[in-house]
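Chemist: sequence first, then the predicted structure:
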Amino acid sequence: MPTPSDIDHALIQHCLSEAYGPSKAPVRLTALHADASSAAFRIDADDGAAYFLELHRKGFDPAVLAMLAFLRHEQGIETVMAPLPTTNGQLSVRSGDFDCVLYAFFEGANALARALSDAQWTAFGAAMGAIHRSTVPEALSASLPKERYAHHWREGVRRYQRRFINGLTGDDVVKRFFAFWEEHAEDIDTVVYRSEQLASILLERPPLRVPCHADLHAGNVLAGDDGQVRIVGWRTLMLAPKERDLMFIGGGVGHVWNRPEEEARFCEGYGRAEIDAVALAYYRYEHIAKNILETCDLMFDAAASLEDREEALRRMRNGFEPNDVVAIAHQSYDAVT
């Protein structure tokens, strides 16, 4: 598995100089992240500016990069973190085993580590309102993923439910996981059943799709040192009902964003909008089903570390606490019925 030290820094220097111009060549290269498929660096460049360099083995979806450039540069939504073009106008470039994308560096911390101020909540809401109301050119929208209300997550949880009927054996983490599962089996079944029920209703409706981040949790929102806000982590970008994003606001994902006053500040910036209660409840349940399935997969992954499995179990437990994601999803469902 590559680490920052495994990646040829000279190759990165050459790539930046050739693709983005000599002024972007790094004076200092600071590793921020690396795993089996991706890496990230802070670039302090010859031109005195700081940049964020993202590398990914599997590449970047050109339609997503084009959409980010459209939102930032043509729609003027500065909160969107968009890629910088190369000297010949490309939004990504291949270097060795990786595709590379360069951004202006943003000084700050994600909203899990630093709570948004009232002003930042309002700015965040205004940005999302502008994104959702953007008229996307047909040529661009045709190449973006669309919401289909797929049953992948729900069916995955159902498979584990059938597997667990006769009990489980395993190490201490598996035993604690299964004890928690048995304790909350009824709630888990309700999550899947209601997600299926609401999806069937939404499938009968005409699609009202807008540009959506689709993974708008607090870890993908940066609170700047200067009071600004940036939205990152756009690999999930798709066309979907606006509730695909709005479910996170007041939804409690990550054990945060569950306070009414935060939601009020966001809505102040977002502007007047009619919320589809069915879609909001569906997306909250579907997100829980996704997390449950991912936790199950990790529990029985022989390559997963003990630390990762413990963390997954901790997060799953948190989700069932009062005023966390499951309780909030149930409240959203009650508003439908």
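Modeler: Perfect, I can see it now.

Chemist: pretty sure residue 309 is touching residue 299, no?
Modeler: Yes: between residue 309 and residue 299 a contact is recorded at 6.0 Å, counting by Cβ atoms under 8 Å. C-beta: built from backbone N, CA, C; applies to glycine.

Chemist: between the two, which contacts overlap?
Modeler: Taking Cβ atoms under 8 Å, 6 or more residues apart in numbering as the criterion, residue 309 and residue 299 both touch residue 173.

Chemist: how much space is there between residue 33 and residue 85?
Modeler: 23 Å (Cβ to Cβ, to the nearest Å).

Chemist: between these two, who's got more neighbours?
Modeler: Neighbour count, other Cβ atoms under 10 Å: between residue 33 and residue 85, residue 85 has more, with 16 against 11.

Chemist: and that one, what does it touch?
Modeler: Contacts of residue 85 (Cβ under 8 Å, 6+ apart): 69, 91.

Chemist: ok, it to residue 76 distance?
Modeler: 17 Å.

Chemist: for the stretch 101-250 of the chain, which residues score under the pLDDT cut-off?
Modeler: Applying pLDDT under 70 to the stretch 101-250 of the chain flags no residue at all.

Chemist: which helix in the chain has the most residues?
Modeler: helix 277-299 (DSSP state H).

Chemist: which strands and helices sit next to that helix?
Modeler: Judged by 3 or more Cβ pairs under 8 Å, 6 or more residues apart in numbering; DSSP states H and E, helix 277-299 is in contact with helix 152-163, helix 172-183, helix 185-203, helix 243-246, helix 306-319, helix 325-336.

Chemist: skip the chain neighbours and tell me the closest residue to the most centrally placed residue in the chain.
Modeler: Central residue of the chain (Cα atoms, centre = their mean): residue 215, 2.9 Å from the mean position. Distance criterion Cβ to Cβ, 6 or more residues apart in numbering; nearest residue to residue 215, sequence neighbours excluded, is residue 236 at 4.3 Å.

Chemist: so the one you found sits right up against residue 213, yeah?
Modeler: Yes: between residue 236 and residue 213 there is a contact under Cβ under 8 Å: 6.7 Å.

Chemist: of those two, who's got more company?
Modeler: Ranked by neighbour count (other Cβ under 10 Å), residue 236 and residue 213 place residue 213 first, with 24 against 15.

Chemist: is it true that that one touches residue 237?
Modeler: Yes: at 6.2 Å, residue 213 counts as touching residue 237 under the criterion of Cβ under 8 Å.

Chemist: now do the shared contacts for the two.
Modeler: By Cβ under 8 Å, 6+ apart, no residue touches both residue 213 and residue 237.

Chemist: quick one, strands of the stretch 51-200 of the chain?
Modeler: Assigned by DSSP state E, counting those that start in this stretch, the strands in the stretch 51-200 of the chain fall at 93-95, 98-104, 108-110.

Chemist: deepest of those, which one?
Modeler: strand 98-104 (a mean of 21; mean count of other Cβ atoms under 10 Å).

Chemist: helices and strands around that strand, which ones?
Modeler: helix 9-20, strand 50-56, strand 93-95.

Chemist: out of the ones you listed, which one sits most buried?
Modeler: The most buried one of the helices and strands packed on strand 98-104 (mean count of other Cβ under 10 Å) is strand 50-56, showing a mean of 20.

Chemist: just give me how far that strand sits from the chain centre.
Modeler: Centroid separation for strand 50-56 versus its chain: 18 Å, with Cα atoms, centre = their mean, to the nearest Å.

Chemist: likewise for stretch 231-251?
Modeler: 7 Å.

Chemist: over to stretch 308-328?
Modeler: The mean C-alpha position of stretch 308-328 is separated from the chain mean by 17 Å, Cα atoms, centre = their mean.
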